[in-house]
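Engineer: Quick one: sequence plus predicted model below, questions after.
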Amino acid sequence: MSEFSLTNPPLICVAARVQFARLAKIADYIPDLQEAFRLGGYPHFHEQKTKAWQIDDRAEAGMNVAYEEIPRWEFSNLERTVTIRVDRESVALLFTAYDHFLNAEPHYREILGMVEKSITGLLPQMVQLRYIGYIPLMGDASPTDWVAPSVLGMPNLGDLKRQGSISETSFQTPEGGQLVTRCMSLGIGSPTLPPDLLPLNAPLKYPFPGNCPFLLLENLHQRPAEQVPFSSESCLSQLSALRYHNARVFQATVTPKALETWK
């Protein structure tokens, strides 16, 4: 378990996901699951369709792309700071007012426990923990004040003024998992984030100002799940274990000044 923590981390979203063997009849369990979530303090409910694209490279040109509409259900607490996403092969928990794992742990345990009771016989296949940090560059601040130059790409080249960059590094962990770290250095304007990241209508802990450049840091760590039946305690233990390497990479990505500011 990671002992690293910050009092005021620059997090705008933390997402934990447990992928399980596909359950074709997942819709049959949603009414009972919705009732459990509603009574547990997650009254908001939204159903939507997502598209899964399928590409057949053996088909003739122009005829090799198709898509399948897949239902997904979202539940959230009254303040919309905790959102639960359920589809036919995963449950994901998204937090937009996150400070530390220990404070989120009751939500993890409660939500995963409701899933365990409502949908029996699930077989976990993958666990994933994803952190998104937001760093505004106020005044004369430079990106290198906050993050290591190695993740920022090229600097200005004479009269060629750098507008931004996106870098990605992938690691193989000793436990057989994969950890991907990304740094997005962007100019003035509101960010466009992946649609799967932020919950619907979720208020952010740090609202984005539109008048200054910013950095986004993302660490995504996933690994195969233990081959045991789905249970809240097992999933919680495995998700907690993912934090160690996330913390190592984060501390190597940001500067000592940044850690001092957020501690």
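Structural biologist: On my side now, so go ahead.
Engineer: dump the residue contacts of residue 48.
Structural biologist: Contacts here follow Cβ atoms under 8 Å, 6 or more residues apart in numbering; on that basis residue 48 touches 71, 72, 73, 74. Just so you know, the C-beta spots here come from the backbone N, C-alpha and C atoms, and that holds for glycine as well.
Engineer: May I ask which helix or strand encompasses it?
Structural biologist: Element membership for residue 48 (DSSP states H and E) is strand 44-55.
Engineer: Heading C-terminal from that strand, find the next helix or strand.
Structural biologist: Next helix or strand after strand 44-55 toward the C-terminus (DSSP H and E): strand 65-76.
Engineer: Could I have the CA atoms of that following strand written out in CSV?
Structural biologist: Output of strand 65-76 as CSV, limited to C-alpha atoms (Å, rounded to 0.1, in the frame of the first residue of the first chain):
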residue,chain,number,x,y,z
VAL,A,65,-16.5,-0.5,-40.4
ALA,A,66,-19.5,-1.2,-38.3
TYR,A,67,-20.6,-0.2,-34.8
GLU,A,68,-22.7,-1.7,-32.0
GLU,A,69,-24.7,0.3,-29.5
ILE,A,70,-24.0,-0.7,-26.0
PRO,A,71,-26.1,0.5,-23.0
ARG,A,72,-24.5,2.1,-20.1
TRP,A,73,-26.0,3.3,-16.8
GLU,A,74,-24.8,6.1,-14.6
PHE,A,75,-25.7,6.8,-10.9
SER,A,76,-24.4,9.6,-8.8
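Engineer: Just checking: what are the partner strands of the next helix-or-strand element following it?
Structural biologist: Counting by DSSP H and E, the next helix or strand C-terminal to strand 65-76 is strand 82-87. Sheet pairing for strand 82-87, assigned by DSSP bridges, gives strand 65-76 (antiparallel), strand 90-95 (antiparallel).
Engineer: can you put the ones you listed in JSON lines and add mean neighbour count?
Structural biologist: Formatted as JSON lines, the strands paired with strand 82-87 follow (neighbours: other Cβ atoms under 10 Å):
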{"stretch": "strand 65-76", "mean neighbour count": "15"}
{"stretch": "strand 90-95", "mean neighbour count": "22"}
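Engineer: I'd like those written out as JSON lines, with distance to residue 124 added.
Structural biologist: Converted to JSON lines, those look like this (distance: least, Cβ to Cβ, whole Å):
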{"stretch": "strand 65-76", "distance to residue 124": "19"}
{"stretch": "strand 90-95", "distance to residue 124": "10"}
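Engineer: right, so of those strands, which gets closest to residue 241?
Structural biologist: Ranking the strands paired with strand 82-87 by proximity to residue 241 (Cβ to Cβ) places strand 90-95 first, at 16.2 Å.
Engineer: Dump the closest one to CSV, restricted to CA.
Structural biologist: Only the C-alpha atoms of strand 90-95 are listed here, as CSV (Å, rounded to 0.1, in the frame of the first residue of the first chain):
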residue,chain,number,x,y,z
SER,A,90,-17.4,-3.2,-16.0
VAL,A,91,-18.2,-1.0,-13.0
ALA,A,92,-16.4,2.3,-12.7
LEU,A,93,-16.3,4.8,-9.8
LEU,A,94,-15.5,8.4,-10.6
PHE,A,95,-14.6,11.0,-8.0
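Engineer: Distance from that strand to the middle of the chain?
Structural biologist: Mean-position distance between strand 90-95 and its chain equals 8 Å (Cα atoms, centre = their mean, to the nearest Å).
Engineer: Looking at that strand now, give me its mean pLDDT.
Structural biologist: Computed over strand 90-95, the mean pLDDT rounds to 95.
Engineer: Fine, thanks again, bye for now.
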